[in-house]
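Chemist: Everything below, folded, please.
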Amino acid sequence: YTYEFLTLFCHKSFSDFSFVLTSYTASVHQDSAEAIQGMLRALGVKVTLVPQDIPTLLDNRKTGGYMAMMDGLSNPYFDPDAYSYYFQSGAIGHSKGSGFSDAKLDALLDKGRQEVDFEKRKKIYAEFEDRLLDLAPWFFGFFRPQGEAMPTFIKGYERLPGDLGTSSTSRFEYLWIDK
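Modeler: You can find the predicted model right below:
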């Protein structure tokens, strides 16, 4: 954070500041949104939570139909080019709806995508991450690994690797009950 931001943050009253925070109704998003609301309430900020279903969240993400949105994924991507889905200008993931665009980030993503040398790619994407954090188009609050649990008598479950993991729970044809 900049010194000016911290000064404002520490010395201003936020009692006249308010906004709407939309959130998917799953507990992992809703609980996080409520925690954010509570922390900001302690500073005098009024945050109105608006729960939404996943189709609405996805539509709002694409169109920018939100003031603030609790959103997130916890996918362990195999390749950092996955950043392009979220941060490349006009990408359908998140940047399109928010109107976020940065020519330097776009150039780094293009450069990383074309580079075949692992060590060179690593440096390109490290530069990308530094720039992204400097710009901070979103508040990156925390990273939450995907948690999954089931009784020991459920057999055959296997988490798919990387981003495919979000589809693991839809593969019920491979599960059986051993009781």
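Chemist: distance of Ser95 from Val28?
Modeler: Applying CB to CB, to the nearest Å, the value for Ser95 to Val28 is 23 Å. Where you see a C-beta, it was placed from the backbone N, CA and C, and this is true even at glycine.
Chemist: Look at the two and report which has more neighbours.
Modeler: Ser95 (22 against 15; other CB atoms under 10 Å).
Chemist: Leaving out the residues flanking it, which one is nearest to the more buried one?
Modeler: Phe87 (5.6 Å; CB to CB, 6 or more residues apart in numbering).
Chemist: Next: Leu21.
Modeler: Ala68 (4.7 Å).
Chemist: Measure how buried that neighbour is and give me the count.
Modeler: 16.
Chemist: Spit out the contact partners of it.
Modeler: 19-22 (CB atoms under 8 Å, 6 or more residues apart in numbering).
Chemist: can you check Lys179 too?
Modeler: Phe153.
Chemist: Report the separation between it and Ile154.
Modeler: In terms of CB to CB, Lys179 sits 9 Å off from Ile154.
Chemist: Show me the contact partners of the longest helix along the chain.
Modeler: Once the chain is assigned using DSSP state H, the helix that runs over the most residues is helix 118-135. Residues from elsewhere that reach helix 118-135, judged by CB under 8 Å, 6+ apart: 80, 83, 87, 102, 104-105, 108-109, 111-112, 115, 140.
Chemist: Weed out the non-buried ones from the residues you listed.
Modeler: Those of these that meet the buried threshold are 80, 83, 87, 102, 105, 108-109, 112, by 16 or more other CB atoms under 10 Å.
Chemist: Out of these, list just those in helices.
Modeler: Per DSSP H, the buried ones among the contacts of helix 118-135 map to helices at 83, 87, 105, 108-109, 112.
Chemist: moving C-terminal of the worst-scoring helix or strand of the chain on mean pLDDT, what's the next helix or strand?
Modeler: Sorted by mean pLDDT, DSSP states H and E, the helices and strands of the chain end with helix 3-11, the least confident at a mean of 53. Moving toward the C-terminus from helix 3-11, the next helix or strand (DSSP states H and E) is strand 18-24.
Chemist: What residues of that next one count as buried?
Modeler: Neighbour-count burial for strand 18-24 [16+ other CB under 10 Å]: 21-24.
Chemist: Likewise for stretch 85-102?
Modeler: Result for stretch 85-102 [16+ other CB under 10 Å]: buried residues 86-88, 91, 93-97, 100, 102.
Chemist: likewise stretch 32-41?
Modeler: Those buried within stretch 32-41 under the rule 16+ other CB under 10 Å are 32-34, 36-37, 40.
Chemist: Where does pLDDT dip in this protein?
Modeler: Scanning the chain for pLDDT under 70 picks out 1-14, 73-77, 140-146, 162-170.
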